[in-house]
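In: Have a look at this prediction, sequence included:
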Amino acid sequence: QKEVEQDPGPLSVPEGAIVSLNCTYSNSAFQYFMWYRQYSRKGPELLMYTYSSGNKEDGRFTAQVDKSSKYISLFIRDSQPSDSATYLCAMKNYGQNFVFGPGTRLSVLP
Amino acid sequence: EAQVTQNPRYLITVTGKKLTVTCSQNMNHEYMSWYRQDPGLGLRQIYYSMNVEVTDKGDVPEGYKVSRKEKRNFPLILESPSPNQTSLYFCASKRTMNTGELFFGEGSRLTVL
């Protein structure tokens, strides 16, 4: 079993749809949870960052962490064509080792 | 502009020919790391460095070397590249005390024939 699992997609949705992206993990020591967005031919960039369990909202984006289920989610409301990218979940414990999911490729169709 | 710069962006080489991928950051970050990205496997850490002259192995260090002689630079060295090192490589940096945000370079696509 991989340490972090993520549905690779691809996921295609119409513009304006609500998108749900998810990751599961096996290491209960993870404390920091992140979502990175990666456009084609670019490096990943941080989108959302949360510590421990709970929700965090930033504009159209909401990150949820459920440590009891070892499950994290990213919701995108009113999705736009500019949201088309690969979304990577990432997590770490108190050390410096980041563990990334394989990424979900999202296409938002106009 | 704050950035992580990698060179070359694209490289095709042959088995056994030593190569170096350079990485430089202008944010005065203590922490730097190298990842490789392969389809279905995501980003896997090769090596990381907490500060000058301090380097540690990540998850997939075999076949790679690194050095950290200056704070801003963290080159990745492939002494004898093999076809299984064909991949997309990313350098990243962050402030050691900043727990979340890794700043990534634009990537270096390496093909080993």
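Out: Received, thanks.
In: residue in chain A nearest to chain B?
Out: Using C-beta to the nearest C-beta, A:Gly43 is the residue of chain A that sits closest to chain B, at 3.2 Å. Quick note: C-beta positions are derived from backbone N, CA and C, even for glycine.
In: where does that residue land in three-state SS?
Out: At A:Gly43, secondary structure determined by DSSP: H, G, I helix; E, B strand; the rest coil is coil.
In: which residues does residue 22 contact?
Out: I went with chain A, as the question did not name one. A:Gln6, A:Asp7, A:Tyr71, A:Ile72, A:Ser73, A:Leu74 (C-beta atoms under 8 Å, 6 or more residues apart in numbering or on different chains).
In: look at chain B instead
Out: So B:Thr22 contacts B:Thr5, B:Gln6, B:Asn7, B:Asn73, B:Pro75 (C-beta under 8 Å, 6+ apart).
In: Name the helix or strand for it, please.
Out: strand B:19-25 (DSSP states H and E).
In: next SSE after that strand?
Out: Counting by DSSP H and E, what follows strand B:19-25 is strand B:31-38.
In: What count of nearby residues applies to the residue in chain B positioned nearest to chain A?
Out: The minimum distance from chain B to chain A, using C-beta to the nearest C-beta, falls at B:Phe104 (3.2 Å). B:Phe104 sits with 23 neighbouring residues when counted by other C-beta atoms under 10 Å in any protein chain shown.
In: Now do the buried residues in the helix or strand harbouring B:Leu11.
Out: Using DSSP H and E, B:Leu11 sits in strand B:10-13. Neighbour counts using 16 or more other C-beta atoms under 10 Å in any protein chain shown place B:Leu11, B:Thr13 of strand B:10-13 among the buried residues.
In: now what about it, what contacts it?
Out: So strand B:10-13 is contacted by B:Leu19, B:Val21, B:Pro81, B:Ser108, B:Arg109, B:Leu110, B:Thr111, B:Val112, B:Leu113 (C-beta under 8 Å, 6+ apart).
In: In strands, which of those residues fall?
Out: Judged by DSSP state E, strands contain the following of the contacts of strand B:10-13: B:Leu19, B:Val21, B:Ser108, B:Arg109, B:Leu110, B:Thr111, B:Val112.
In: residue ranges with poor pLDDT in chain A?
Out: A:1 (pLDDT under 70).
In: at 80 instead, please
Out: Applying pLDDT under 80 to chain A picks out residues A:1-2, A:8, A:94-96.
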